[in-house]
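Engineer: Please work out how this folds:
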Amino acid sequence: MGATLLLSLAGRPDLSLFHLLFAAAVLVSIALAIGIFTPVVSSIVCVYAIADLLIGLRFDRLVVTLILNSIALALLGPGAYSLDARLFGLKVVVISPRKDADGS
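Structural biologist: I've put the predicted structure just below:
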């Protein structure tokens with residue numbers, strides 16, 4: 001997702017106006033690669049991509065892919081080998097077996 005973010009910014013013809021935005025995208029990509037604050041960072045990427053799609057007045061498949069991937073990553077969270085897992089511990093969801101309605 002970080003590479004997709006950088007590709008969507010690098011494809012702009014007016015990149016000279018967005019040096020600060022590109023530097024922020026590099027930092028966000030590094031944060032996603034090492035897995036630090038994954039839900040927060042991917043939510044920021046999602047907001048950026050939606051704004052780019054709405055303000056840019058162009059339909060780009062790369063930006064749509066970025067939106068969908070950032071939503072998925074924000075909902076899934078960090079992986080087992082991420083820095084978030086080391087800092088905050090792994091989260092395990094245990095689903096108990098469903099009881100039948102008839103009581104048997």
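Engineer: all contacts plus neighbour counts: C-alpha atoms, from now on.
Structural biologist: OK.
Engineer: Buried residues, stretch 68-87. List them.
Structural biologist: 69, 70, 71, 73, 74, 77, 78, 82, 83, 84, 85 (16 or more other C-alpha atoms under 10 Å).
Engineer: Let's see the pLDDT reported for the closest residue to the first one other than its chain neighbours.
Structural biologist: Right, the one you point to is residue 69. Of all residues not flanking residue 69 in the chain, residue 1 sits nearest, at 6.6 Å (C-alpha to C-alpha, 6 or more residues apart in numbering). The model reports residue 1 with a pLDDT of 80.
Engineer: and the gap between residue 1 and residue 80?
Structural biologist: 17 Å (C-alpha to C-alpha, to the nearest Å).
Engineer: and the next element down the chain from the lengthiest helix in the chain?
Structural biologist: Counting residues, the longest helix found in the chain (DSSP state H) is helix 38-55. Next along the chain after helix 38-55, taking DSSP states H and E as the criterion, comes helix 61-76.
Engineer: any idea of the mean pLDDT in that next one?
Structural biologist: 88.
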